[in-house]
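[1] Next input, structure requested:
(2 chains)
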Amino acid sequence: MEHAPVIEVSNVYKSFKTVQAVRGIDLRIGHGQFVAILGPNGAGKTTLVEMIEGIQQPDQGEIRIMGKTWKGNETYLRRLIGLSLQETHFIEKLNVWETIRLFASFFSIGKQRCEEVLSLVALEEKRRAWVVNLSGGQRQRLALGISILNEPKILLLDEPTTGLDPNARREIWAILLHLKEQSETSMILTTHYMEEAEQLCDYIVIMDQGKILKQGTLTGLLGEIQDLPVKPVETRRITLDDLFISLTGRHLHD
Amino acid sequence: MIERISNNQLFQLIMANVKELIREPGVLFWGIIFPILMSLGLGIAFTKKSDISTTIAVVGQTRLISLPSDSASILSDFLQKNKAITFKNDPGSLSVKLTVPDDKLGNTHFIFTEMDWPQAMVLLKRGNLNMLLDEKEGIIQYHFDPRNPDAQLTYLKLSKLLNATGPVIRETNTEVYPLTVTGTRYIDFLVPGLIAMGVMMSCMWGVSYAIIERRSKKLLRRMVATPMKRSNFLIALISVRIAMNFVEAGLLFLFAWLVFNITVQGNVLALIILFVAGNFAFAGISIFLSSHTAKTEIGNGLINALSMPMMVLSGIFFSYHNFPEWSIPVIKQLPLTMMTDGIRSIMIEGAGFAETAMSVVILTSTGLIFFIAGMKIFRWH
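    Below you'll find the predicted structure:
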């Protein structure tokens, strides 16, 4: 990886009671890099992101964000990170503008940046609408807008488009691609939509059962499939799903 | 300056909680209108002098109206002599209504209804009547449960009337002096209890449930992923709830003052301090209660498990001295009892700082202990 590391995950393990969620992960994410963590449910993607986010402590190993560990640097690191979850229910009886202003106040951000974000996520018309009255896609755009309020150095997106219809998903992708062009934010995106990873990210990490099976650029990974023992029989375009099947014998959605 | 305040996270958190509260129509009803309706209903039911109506089953061979061929009957002679009103009730049984007027205690209406034993027993079990009357060989027989105070009262009143030789006269009760002055009525007992109960319920649902719900919806996790001060989140939630409790209690008191002429006979400042201490106690308990679970169903159960026993035991609607003697020292230590007793002592007995100081200290300490314990195990995600 050619970029300077913004996130360094070194030999990280994490267990919950009898389940080993993450087993010896090593990962380096560079400045401005968009990384997709692909894997089926239970692969350990969310646990890895939660450890990077600082809300879970690794049992073993170390995580450094901009060269710093979470211990003793929480206030500093929180200012650098933006986060959007699969489904966040904001306060239902606040409107869009009030919700943005609330989260902006946590970063001491003024109205001007709030206006910019409102425009970026195309929710100006819904400015006075209560959160409870927004559609699923609008809510997710609001969540994404809030995650980029502080112009984060690192953006963590945990399955941001799961459950959305194709149009709403593409709207989210457009916002993220715009962000990729306009800023130097590094992004980690967990997803089980291979198309999403292909569209948005320049580096792919494939996880299963708490381990990284493969990581590399999209072209590099798709090229590797030719060398694997199980190859897709169809003549259609080779995808990351084919790679996952070759590695595990299962689909990403299983 | 205004921009600086509006960018302040504590200000924004407080405003978010205020807006959430006032935009919820249920808050207006359950927080303000419901307690007022309850005080109105219970106040009217138990404070105003009202007539008492008692149904008595007349069973066996006893008749309410004697035929010329019948032998003499104490009951029918008594009813005839007093010109009781005869009517047929719904099932077609013969009934006779006798009214004993009373200026001070309220009129008593005795409704005698002829029925057979099985029917009378069914109505007795249902609580529709509390006495069965039979007359055998010139002697009135009273059948009732001696542990039922209403039945005892019916017996005392009725036996006095039936044993008297003359007609029923208006009771003048020169020896009776009704105590209806402020502080001795049921409504005076009730309103402090409703105020304390309102604080408990408001904290339990407004703080505990709000935290659990926000945790279950991942909003807490989302908020602590920012540089938001966790203390600000809790300060905003609790302070808005306490402010709301002041409004609710104030409106309930205002209503009780206007309708029932309730006043604070003791020290108002001591009442405010006790009220804040009670709020603090229940806010602390609420934080502890909501410290760990992310399931609203469990939160529901926890809140009910804690608040329902206190509602029953703490003397909100009736005195806890009706409970067994051994349990009273325990009941007195419950936060709701302590707050209710304290408010009552200030409002009714004219108490001040000295009499309520211990309650203020204990309630504040309770809040502090539960708050600290809750924060030790608090899960933000």
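[2] ok, the residue in the stretch 51-200 of chain B that chain A sits nearest to - how many residues close by?
    Using Cβ to the nearest Cβ, B:Gly198 is the residue of the stretch 51-200 of chain B that sits closest to chain A, at 21.9 Å. For the C-beta atoms, the positions are set from N, CA and C on the backbone; glycine is no exception. The criterion is other Cβ atoms under 10 Å in any protein chain shown. On that basis, B:Gly198 has 21 neighbouring residues.
[3] Can you give me the buried ones in the longest helix seen in chain B?
    Of all segments of type helix in chain B, defined using DSSP state H, the longest is helix B:230-260. Of the residues in helix B:230-260, those buried by neighbour count under the rule 16 or more other Cβ atoms under 10 Å in any protein chain shown are B:232-234, B:236-242, B:244-245, B:248-249, B:252-253, B:255-256, B:260.
[4] I'd like the mean pLDDT over that helix, please.
    Confidence over helix B:230-260, taken as the mean pLDDT, stands at 93.
[5] how near is the residue lying closest to B:Tyr186 once chain neighbours are set aside to A:Glu50?
    Nearest residue to B:Tyr186 in three dimensions, chain neighbours excluded: B:Phe46, at 3.8 Å (Cβ to Cβ, 6 or more residues apart in numbering or on different chains). As defined by Cβ to Cβ, to the nearest Å, B:Phe46 lies at a distance of 57 Å from A:Glu50.
[6] Would you check how far apart A:Gln215 and chain B are?
    From A:Gln215 over to chain B the distance is 25 Å, taken as Cβ to the nearest Cβ, to the nearest Å.
[7] quick one, what contacts that residue?
    The neighbourhood of A:Gln215, defined by Cβ atoms under 8 Å, 6 or more residues apart in numbering or on different chains, consists of A:Leu27, A:Tyr203, A:Ile204, A:Val205, A:Ile206, A:Leu221.
[8] Which members of those residues occur in strands, if any?
    A:Leu27, A:Tyr203, A:Ile204, A:Val205, A:Ile206 (DSSP state E).
[9] circling back to that earlier point, which strands or helices does the longest helix of chain B pack on?
    Counting contacts by 3 or more Cβ pairs under 8 Å, 6 or more residues apart in numbering or on different chains; DSSP states H and E, the secondary-structure elements packed against helix B:230-260 are helix B:9-22, helix B:34-47, helix B:186-203, helix B:268-289.
[10] about what we covered before: chain B: which of the ones in strands among the contacts of A:Gln215 is nearest?
    Minimum separation from chain B among those (Cβ to the nearest Cβ) is found for A:Leu27, which lies at 19.9 Å.
[11] what number of residues lie near that closest one?
    Per other Cβ under 10 Å, the neighbour tally for A:Leu27 reads 22.
[12] Cross-check the contact I'm expecting between it and A:Val9.
    Yes. Counting by Cβ atoms under 8 Å, A:Leu27 touches A:Val9, with 4.1 Å between them.
[13] Spatially central residue for chain A, please.
    The geometric centre of chain A, computed from its C-alpha atoms, lies nearest to A:Leu189 (Cα atoms, centre = their mean), at 2.1 Å.
[14] quick one, what contacts that residue?
    A:Phe34, A:Val35, A:Ala36, A:Ile37, A:Leu157, A:Pro160, A:Leu176, A:Glu196, A:Ala197, A:Leu200, A:Cys201.
[15] go on, B:Gln141?
    B:Gln141 is in contact with B:Leu133, B:Asp134, B:Glu135, counting by Cβ under 8 Å, 6+ apart.
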